[in-house]
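K.L.:
got a structure for you, letters missing:
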């Protein structure tokens, strides 16, 4: 299951984004919402990065997250 996560400020968001995108497939929206697997919450908590969970991601957001993960660099 994918969840919607936000961060309390820009600095935390930047730190968390780098942390998450190295470990998980997900999507960052212009609205500041981040869609990642549930396991990302445990990783953020373990790294002492504050975040807020807004619940399960809608189907549309989950599809967007999967599409962005599938559009990697082709060699």
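P.N.:
Yep, it's here. All values derive from a computational prediction rather than experimental measurement. Residues are numbered from 1 along each chain as shown.
K.L.:
what's in contact with the lengthiest helix in the chain?
P.N.:
Scanning the chain for the longest helix, with DSSP state H as the assignment, gives helix 10-23. By CB atoms under 8 Å, 6 or more residues apart in numbering, the residues outside helix 10-23 that reach it are 6-7, 26, 28, 32, 34, 36, 40, 43-44, 47, 49-51. No exception for glycine: its C-beta is placed from N, CA and C like everyone else's.
K.L.:
which of those residues count as buried?
P.N.:
Restricting these to buried positions leaves 6-7, 26, 28, 34, 36, 40, 43-44, 51, with burial counted as 16 or more other CB atoms under 10 Å.
K.L.:
with pLDDT, secondary structure and distance to residue 20 as extra columns, can I get these in TSV?
P.N.:
Converted to TSV, the buried ones among the contacts of helix 10-23 look like this (pLDDT from 0 to 100; DSSP: H, G, I helix; E, B strand; the rest coil; distance: CB to CB, whole Å):
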residue	pLDDT	secondary structure	distance to residue 20
6	96	strand	12
7	97	coil	10
26	88	coil	6
28	88	strand	9
34	93	strand	7
36	93	strand	6
40	95	helix	6
43	96	helix	7
44	96	helix	7
51	97	coil	10
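K.L.:
with that, I have no additional questions.
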